[in-house]
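Colleague: Pasted the sequence and its predicted model underneath.
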Number of protein chains: 2
Amino acid sequence: MSIFDVAVWNNGVVRMLDQRLLPQEESYLEFASASEVAEAIRDMVVRGAPAIGCAAAFGVAVEAFRLARDGIPVSWSLAMAPGMERLRLARPTAVNLVWALERMRPLLEGEPALVPERLLAEAEQIRQEDIASCRVMGRLGAAILPRPQGRPLAIMTHCNAGALATAGYGTALGVIRAAVELYKDVVVFATETRPYLQGARLTAWELLRDGIDVTLMTDSMAGHAMSRGLIDVVVVGADRVAANGDAANKIGTYVHAVLARRHAIPFMVACPLSTIDRNAVSGAQIPIEERAPEEVTHCLGHRSAALGVKVFNPAFDVTPAELVSALITEQGVVHAPNTEKIRGLFGC
Amino acid sequence: MSIFDVAVWNNGVVRMLDQRLLPQEESYLEFASASEVAEAIRDMVVRGAPAIGCAAAFGVAVEAFRLARDGIPVSWSLAMAPGMERLRLARPTAVNLVWALERMRPLLEGEPALVPERLLAEAEQIRQEDIASCRVMGRLGAAILPRPQGRPLAIMTHCNAGALATAGYGTALGVIRAAVELYKDVVVFATETRPYLQGARLTAWELLRDGIDVTLMTDSMAGHAMSRGLIDVVVVGADRVAANGDAANKIGTYVHAVLARRHAIPFMVACPLSTIDRNAVSGAQIPIEERAPEEVTHCLGHRSAALGVKVFNPAFDVTPAELVSALITEQGVVHAPNTEKIRGLFGC
């Protein structure tokens, strides 16, 4: 299903679609070390929590192959530490990054000569599992969507939680794809998602390529659209979900959740278990990345704002669990999530 | 106080600052007929409800002088009808446009030879009254702002309801200017206001020129800012207020009002009586302008979105009166506005 190599292994290097150039250009970059992959994550060649996790896993693998060219290290853990630390620090909010690194780490302790191949196999496994998870989330999510009579189901989404944000198929857009397969008559409202315009640049492009009916609007139009009855349900992804169900996602998500509540519209978060940070008791423990002011003073690299203005640029916000109608994971749907119910997803 | 000729009379023509080029360029344009002024309003050389009213009034005057060059018409009403109709149709939401035209109309009936000079005098009167109204609104509004202890008062505003949106001083920014004069320790959070970026391009520029502390953010960041306790009060302008207090203003205003209510932050609308449309019983009667899709698919003229995407581009939304903490007018402040209280403003 994936029509894009968001982050894949290709002849000894990590290959990624340069998402910064979409939709104007489909260009691929290759990375041969952990620090190159870390830089690509920081610079948003690749973005989206699950995709960042996959990219980081391949970053670990490519680093091991790079080091092995100078001979098998005495301690893989020591040799890999700087590269893995660079990857860990690339971006602070998406927990899948840390999750992927922690999943790779035990493999450093096996038979030294086999470590690079085993890391690569694990990274590929993470990628395959992510695609499979998205498929399951899609089916589970689509099954709980409202079904308006006599008109299309209108789903609003924010940012890009699509094939481009995962190893393929997508989380929120996976639910939308499954809904289109099941119900046919589905229309999507995508918010452009300033400052980085993932909605305009990525979601619109991705859905158009799949032939899905998509209407673009600015982030500020969601309230008007809901007040006019144009939206039946909101489905978004997440960058990190706390143990109690508070969900960090692209800046503006919280706004849509507040609006959805006012208009009695279901608000759903689709994410794999790898996005749930059980160490974060609530959203207050989730670090919120603050990015460069130029993202706000400029649009697409062109200056919009008066010179000298100060800038507030948080990349994410936290939607409290009480505003989340349903959390859609590959282990099942949790309605009105709380700590108890989320613990149940992990079977303990 | 006004440092900009938003819409003024200058040697027989209407002179306007071309707001489309701000903040990069301060360029002035001159208009010699009603249809030229109408086009300037439609193309947003000038924008902001009170400023549109002033521009339309000068547009009527300049049209009369233009016609008088071919001799005094037998019927000024007939001669002026096409130009006034063009002005009326320039933009649908800002009621000040219609208000200004209706105020000019009776002057067409006086001594024919004196009509052009009388129209000009009336337009100038409208301009002066608007500036005076803004000053009064500023004082009245500043007096009801919250006064946090031990830290600056943080005011959030949306779009541009400033000197650039009026004949000078501003409505919402008039309240902010008065607050700065009275309390000194004031900081402003300005939302960039996609799609047309009036916040980034105009409000940031206007406040920086006055030396007022201003921080820019995208529209989607208001929820996060409020949830972190960064905002004490929201003050906005309006394009048309219905008889019951429902307020149409730049798209996204309703979103901020919903957020403000959730966070128990006062939400204030500053507008002159000329913005109140007593013929509109409620917000449902206010026409909402839908503008060109390119405003959404592009940023500053550069394409952001995938080709072929559909677009939703309402230029305004309606904030129901129940979310308005206070309506600030030159005739007084109305707390929790409703039809009864607004009728009182007009003394009947």
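Modeller: Received it, and whenever you're ready, just let me know what you need.
Colleague: what pLDDT does the closest residue to residue A:108 other than its chain neighbours get?
Modeller: In space, and not counting its chain neighbours, residue A:108 is closest to residue A:76: 4.1 Å by CB to CB, 6 or more residues apart in numbering or on different chains. The C-beta positions use only the backbone N, C-alpha and C, and glycine is treated the same way. You'll see residue A:76 listed with a pLDDT of 98.
Colleague: again, but for residue A:2
Modeller: 51.
Colleague: measure the residue nearest to residue A:108 to residue A:60 for me?
Modeller: According to CB to CB, to the nearest Å, residue A:76 stands 10 Å off from residue A:60.
Colleague: Same question for residue A:111.
Modeller: Distance from residue A:111 to residue A:60, by CB to CB: 17 Å.
Colleague: more neighbours, the two?
Modeller: residue A:60 (26 against 8; other CB atoms under 10 Å in any protein chain shown).
Colleague: hang on, the more buried one in a helix?
Modeller: Yes - under DSSP: H, G, I helix; E, B strand; the rest coil, residue A:60 sits within a helix.
Colleague: thinking again about what came up before, what is the burial count for the residue nearest to residue A:108?
Modeller: Neighbours around residue A:76, by other CB under 10 Å: 21.
Colleague: Tell me the confidence at the closest residue to residue A:92 other than its chain neighbours?
Modeller: Leaving aside its chain neighbours, residue A:92 sits nearest to residue A:287 (4.5 Å; criterion: CB to CB, 6+ apart). The model reports residue A:287 with a pLDDT of 96.
Colleague: did I read that right, residue A:287 in a helix?
Modeller: No - per three-state DSSP, residue A:287 lies outside any helix segment and is coil.
Colleague: Report the separation between the nearest residue to residue A:169 once chain neighbours are set aside and residue B:203.
Modeller: Counting by CB to CB, 6+ apart, residue A:134 is the residue found nearest to residue A:169 once chain neighbours are left out, at 3.9 Å. Using CB to CB, one gets 41 Å for the distance from residue A:134 to residue B:203.
Colleague: Any residues of the stretch 101-250 of chain A in contact with chain B? List them.
Modeller: For the stretch 101-250 of chain A, the contact set with chain B under CB under 8 Å from any CB of the partner chain comprises A:189-195, A:197, A:200-201, A:204-205, A:208, A:213-225, A:227, A:230.
Colleague: Now, of the residues you listed, which are buried?
Modeller: Among these, those classed as buried by 16 or more other CB atoms under 10 Å in any protein chain shown are A:189-195, A:197, A:200-201, A:204-205, A:208, A:214-225, A:227, A:230.
Colleague: Of these, which belong to strands?
Modeller: Mapping those onto strands (DSSP state E) picks out A:189, A:190, A:191, A:214, A:215, A:216, A:217.
Colleague: ok, the closest residue in space to residue A:133 that isn't next to it in sequence - contacts?
Modeller: Nearest residue to residue A:133, sequence neighbours excluded (CB to CB, 6+ apart): residue A:330, at 3.8 Å. By CB atoms under 8 Å, 6 or more residues apart in numbering or on different chains, the residues touching residue A:330 are A:132, A:133, A:134, A:136, A:137, A:140, A:272, A:273.
Colleague: Phi and psi next, for residue A:330.
Modeller: phi -70, psi -10 (degrees, to the nearest 10).
Colleague: In contact with residue A:59, which residues?
Modeller: A:14, A:31, A:33, A:34, A:36, A:37, A:38, A:41, A:83, A:87.
Colleague: Identify each buried residue in the host helix or strand of residue A:340, please.
Modeller: Per DSSP states H and E: residue A:340 is located in helix A:339-345. Within helix A:339-345, the residues that count as buried by 16+ other CB under 10 Å are A:341, A:342, A:345.
Colleague: leaving aside the residues next to it on the chain, what's closest to the residue positioned nearest the centre of chain A?
Modeller: Chain A has residue A:48 as the residue nearest its centroid, 2.8 Å off, counting by CA atoms, centre = their mean. Residue nearest to residue A:48 in three dimensions, not counting chain neighbours: residue A:165, with 2.3 Å by CB to CB, 6+ apart.
Colleague: now residue A:230: how far from residue B:240?
Modeller: Taken as CB to CB, the span from residue A:230 to residue B:240 is 22 Å.
Colleague: Ok, residue A:107 next?
Modeller: For residue A:107 relative to residue B:240 (CB to CB), the value is 65 Å.
Colleague: Give me the more crowded residue out of these two.
Modeller: Using other CB under 10 Å as the criterion, residue A:107 and residue B:240 rank with residue B:240 on top: 29 against 21.
Colleague: That one contacts residue B:248, doesn't it?
Modeller: Yes - Residue B:240 lies in contact with residue B:248 (CB atoms under 8 Å); the separation is 4.6 Å.
Colleague: Find residues that contact each of those two.
Modeller: In contact with both residue B:240 and residue B:248: B:93, B:286, using CB under 8 Å, 6+ apart.
Colleague: Which of the contacts of residue A:59 fall within strands?
Modeller: Among the contacts of residue A:59, the members falling in strands (DSSP E) are A:14, A:31.
Colleague: list the contacts for residue A:37?
Modeller: Residue A:37 is in contact with A:14, A:31, A:55, A:56, A:58, A:59, A:62, A:63, A:87, counting by CB under 8 Å, 6+ apart.
Colleague: if you set the cut-off to 7 Å instead, what comes out?
Modeller: For residue A:37, the contacting residues are A:14, A:31, A:55, A:56, A:58, A:59, A:62, A:87, by CB atoms under 7 Å, 6 or more residues apart in numbering or on different chains.
Colleague: give me the number of residues near the nearest residue to residue A:98 once chain neighbours are set aside?
Modeller: Counting by CB to CB, 6+ apart, residue A:98 lies nearest to residue A:88, which is 6.3 Å off, once chain neighbours are set aside. Each residue near residue A:88 was counted by other CB under 10 Å, and the total is 16.
Colleague: ok, now how distant is residue A:88 from residue B:316?
Modeller: Distance of residue A:88 to residue B:316, computed by CB to CB: 46 Å.
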